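J.: Mind folding the following:
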Amino acid sequence: MANRSLGTRQKMIFRGPDQGPGKAAPKGKGPRNPLVVPALQRKAGPHEKSQGAKRQEAQRLLRSRTEEEQ
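T.: Numbers count the residues shown, from 1 in each chain. As a prediction, the model looks like this:
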């Protein structure tokens with residue numbers, strides 16, 4: 001009953017500082033792909049609004065202008 005917080009199939013695993021997710025690539029495994037870093041740093045630009053979004057924006061603008069006149 002020591003590990004009551006763990007599920008029935010879970011095991012408590014103690015990992016060293018050089019194991020587990022988030023660890024850099026192990027040395028000696030070969031070079032990393034040099035094209036990945038620039039691809040990850042590249043950001044996508046803003047996309048164009050859809051026709052429905054443009055139509056809704058026009059309706060809101062029209063509604064706000066008609067309310068100002070009244």
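J.: Which helix or which strand is home to residue 54?
T.: helix 51-69 (DSSP states H and E).
J.: so what does that helix touch, helix or strand wise?
T.: When contacts are defined as 3 or more CB pairs under 8 Å, 6 or more residues apart in numbering; DSSP states H and E, helix 51-69 packs onto no helix or strand at all. Using the backbone N, CA and C atoms, a C-beta is placed for each residue, glycine as well.
J.: Enumerate the positions of it that are buried.
T.: When burial is assessed from 16 or more other CB atoms under 10 Å, helix 51-69 yields no buried residues.
J.: Report the rounded mean pLDDT for that helix.
T.: Confidence over helix 51-69, taken as the mean pLDDT, stands at 94.
J.: Repeat that for stretch 33-42.
T.: Stretch 33-42 shows an average pLDDT of 82 in the prediction.
J.: Kindly report the same for stretch 13-28.
T.: Stretch 13-28 shows a mean pLDDT of 63 in the predicted model.
J.: thinking again about what came up before, identify the residues contacting the helix holding residue 54?
T.: The contact list for helix 51-69 (CB atoms under 8 Å, 6 or more residues apart in numbering) reads residue 49.
J.: the helices in this structure, which residues?
T.: Taking DSSP state H as the test, the helices found in the chain are 36-41, 51-69.
J.: Tell me which of those helices sits nearest to residue 9.
T.: The minimum distance between residue 9 and these falls on helix 36-41, with 34.7 Å, by CB to CB.
J.: Put the alpha carbons of that closest one into PDB.
T.: The C-alpha atoms that make up helix 36-41 are tabulated as PDB, following Å, rounded to 0.1, in the frame of the first residue of the first chain:
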ATOM      1  CA  VAL A  36      15.500  20.800 -38.700                       C
ATOM      2  CA  VAL A  37      16.600  23.800 -36.700                       C
ATOM      3  CA  PRO A  38      15.900  26.500 -39.400                       C
ATOM      4  CA  ALA A  39      12.600  24.800 -40.200                       C
ATOM      5  CA  LEU A  40      11.400  24.900 -36.600                       C
ATOM      6  CA  GLN A  41      12.500  28.600 -36.200                       C
END
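J.: sorry, back to before: with distance to residue 30 as added columns, please give the helices of the chain in CSV.
T.: Output for those, formatted as CSV (distance: least, CB to CB, whole Å):
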stretch, distance to residue 30
helix 36-41, 14
helix 51-69, 47
